[in-house]
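Engineer: Compute the structure for the input listed below.
(2 chains)
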There are 2 protein chains.
Amino acid sequence: MIENPYYTHEFHGDYDLLSIGRLDLEEGGSIPDCQLAVATFGELNEAKDNAILITTWYSGTHQIWRDIYVGAEHALNPDRYFIVCVDQIGSGLSTSPHNADIANAKLAMSKFPHVRIGDDVVAQERLLREHFGIETLQLVVGGSMGAQQTYEWAVRFPDKVKRAAPIAGTAQTTPHDFLFGKALSEAITSDPGFNGGEYSSNADVVDGLKRHAGIWAVVGFSTEFWKQEVWRALEFDSKEAFMAGFLEPYFTTMDPNNLLCMAWKWQRGDVARHTNGDLAAALGKINARTFVMPINEDMFFPVRDCRAEQQRIKGSELRVIDDVLGHLGLFGVAPTYMPQIDEHLGALLNTSV
Amino acid sequence: MIENPYYTHEFHGDYDLLSIGRLDLEEGGSIPDCQLAVATFGELNEAKDNAILITTWYSGTHQIWRDIYVGAEHALNPDRYFIVCVDQIGSGLSTSPHNADIANAKLAMSKFPHVRIGDDVVAQERLLREHFGIETLQLVVGGSMGAQQTYEWAVRFPDKVKRAAPIAGTAQTTPHDFLFGKALSEAITSDPGFNGGEYSSNADVVDGLKRHAGIWAVVGFSTEFWKQEVWRALEFDSKEAFMAGFLEPYFTTMDPNNLLCMAWKWQRGDVARHTNGDLAAALGKINARTFVMPINEDMFFPVRDCRAEQQRIKGSELRVIDDVLGHLGLFGVAPTYMPQIDEHLGALLNTSV
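Structural biologist: Below is the predicted model:
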């Protein structure tokens, strides 16, 4: 186990580590003691039918959902719903390469197995059922890799998901996304300090993590984000200061193997694994009332890719988010972002199903 | 001087190396014996008023213009025009980091000075005037960094350029482009084999050059290029085979310092250097009849950036090229590409000015 202060309660506030026992993995092997970091908001009602599941994105945790998306003033309202946010495997809070303890010692660091989106969803379903007695969800919502998990939920457990809101993500990773994930991963693994995954601290890989941030800068934001100098809203006075003060430290605090675990998973998200590669058939299995919510300036989950999937989901709607930040609009920086999210999620939650 | 078989007549066919003598550089210092690689097509008429100048892009040379763009069946018709293609400084054919000979020995490899777009244009103007006696140009045309040079020509020498056709490029590099160039450069310089620019062969930097190709894959083509598997038109049967058989060898044959020289120049292209940072004033100096020709799927020279500049050029037109390849549509792979180029350049050349 590597000590990393970022993956602690000090940085991440309240959450519980809940074991779901052994998790057998799609790619083979298993996690002997799979622990999921879980943050909850609100109260589960007696009927246990007021639950919402939030899934997390690459490098993200429950923290940003708690701070930006969840609250009495939002559609994700803990006064009405029992909201469960589960940090993905590899996130650094749930079982991850850097935090393998005694039970998972054989999975530490470079030895961590490949995990798929489906593994996360199986783990989350078991957690909700066994720990909370939740059998149905009013809504599954997530952004980016969280959208991948949302789609996976809706396809894999069509009778458990009443509503689905995949934001800025796809049900089947595109080849462009695969290549983007590859470029990001190679920025990390090419750092001599990475040492095949057997570094002693994320600080050993700081150069690679900074280059990784540099590639995010090009593809994660939009061209207009940079042109309009939107980073000024975050009180930086140059793009260089924004990189050095925001995007680079955002990633350099994280564990390289954790990021690689998530990237591998992201690159291979594909609900068509349930239907022998037939994407239309997989999306046809969805019973959830689904709002597909791409961001108009997203450079790697463009609206057209999301629309192509949406058109194959019965009763679904395309709800495009207008945000100059592009994909990383998910951070909720623009004051116009959350009102749109709340409008769409509110409308979705008010739809009777 | 590093031996590199790519930068030879065997690979590049006929061209002349013409010295323009000492070139003093905008950033300070000078190239004692600046040699420009020049390929010409057609005949200069007696009045010396039928010349067209082609400028080259990052990593590109006259080769692709000769093979794809120039010919009796094209608007760039050597039966009508004297067409001069000048390889940019740092291209590997003109004076470049890897080929410093005796006169330029102090500029070899990591010691090569920073060169700006304006330096290239000053060098080209001197070449055309002193070697060919050319004082006016019917057209300056170039793509990407070639568009930067085209704009620089039209702003710096407004009375020498009758027509200008910047394809898939801008007059002022955007911050997004700057960051893209940075990510590309860092993929190279981070390779331990780069050794601060003092490698013994480009093969020492093959890993960095492949990562550099991997970033080009994400930003240089469009998301739809990958989704539609357009690489099949080049007779590859997987995206991995296309990367290994096309995009990686395209870059790994090149010299790392040469690419870095061009990237630095690209990142800082800016005609507003002539007008104390006032871009509108700089573009207002253009007298050339100008067709601004962005590619609709370009991810880093998006149409809106090109349109914003076009709207500040008097009498100009926006002529958008439809090409699913995105920026690297410049390679002319799509059968629908050259007909559009020829239509627009033909119309431009037929405009009386």
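Engineer: Show me what from chain A comes close to chain B.
Structural biologist: A:174-176, A:178-180, A:182-183, A:186-187, A:190-192, A:207-208, A:211, A:214-215, A:217-219, A:221-227, A:229, A:239, A:299-300, A:302, A:304-305 (CB under 8 Å from any CB of the partner chain). For the C-beta atoms, the positions are set from N, CA and C on the backbone; glycine is no exception.
Engineer: For PyMOL, write a command that selects the buried ones of the residues you listed.
Structural biologist: PyMOL command restricting the residues of chain A next to chain B to the buried ones, with burial defined by 16 or more other CB atoms under 10 Å in any protein chain shown:
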select buried, chain A and resi 174+175+176+178+179+180+182+183+186+187+190+191+207+208+211+214+215+217+218+219+221+222+223+224+225+226+227+239+299+300+302+305
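Engineer: In helices only, show me the residues of chain A next to chain B.
Structural biologist: Taking DSSP state H, the ones among the residues of chain A next to chain B that sit in helices are A:175-176, A:178-180, A:182-183, A:186-187, A:207-208, A:211, A:214-215, A:217-219, A:223-227, A:239, A:304-305.
Engineer: Roughly how far does residue A:140 sit from chain B?
Structural biologist: When CB to the nearest CB, to the nearest Å is the yardstick, residue A:140 and chain B sit 26 Å from each other.
Engineer: So what does that residue have for phi and psi?
Structural biologist: Residue A:140 adopts backbone torsions of phi -110, psi 130, taken as degrees, to the nearest 10.
Engineer: most centrally placed residue in chain A?
Structural biologist: Nearest to the centroid of the C-alpha atoms of chain A, with distances taken as CA atoms, centre = their mean, sits residue A:57, at 1.7 Å.
Engineer: So it sits against residue A:143, correct?
Structural biologist: Yes: the pair residue A:57 and residue A:143 passes the contact test of CB atoms under 8 Å, sitting 5.2 Å apart.
Engineer: returning to what we had before: in terms of helix, strand or coil, where does the residue nearest to the centre of chain A fall?
Structural biologist: Following DSSP: H, G, I helix; E, B strand; the rest coil, residue A:57 is assigned to coil.
Engineer: show me the residues around it that make contact.
Structural biologist: Listed by CB atoms under 8 Å, 6 or more residues apart in numbering or on different chains, the contact partners of residue A:57 are A:142, A:143, A:144, A:145, A:146, A:169, A:330.
Engineer: Can you spell out the domain ranges of chain A, please?
Structural biologist: By the assignment in automatic domain parsing, chain A contains the domains A:9-174+A:269-349, A:178-262.
Engineer: Make TSV out of these and add mean pLDDT.
Structural biologist: Putting these into TSV (pLDDT from 0 to 100) gives the following:
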stretch	mean pLDDT
domain A:9-174+A:269-349	97
domain A:178-262	97
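Engineer: wait, which of those domains is closest to residue B:41?
Structural biologist: Closest to residue B:41 of these is domain A:178-262 (CB to CB; 35.4 Å).
Engineer: Could you find the closest non-adjacent residue to residue A:23?
Structural biologist: Excluding its sequence neighbours, the residue lying closest to residue A:23 (CB to CB, 6 or more residues apart in numbering or on different chains) is residue A:34, at 3.9 Å.
Engineer: ok, the one you found - how many residues close by?
Structural biologist: Here the neighbour count serves as a burial measure; for residue A:34 (other CB atoms under 10 Å in any protein chain shown) it reads 26.
Engineer: how near is it to residue A:235?
Structural biologist: The spacing between residue A:34 and residue A:235, counted by CB to CB, to the nearest Å, is 40 Å.
Engineer: now do residue A:177
Structural biologist: From residue A:177 to residue A:235 the distance is 32 Å (CB to CB).
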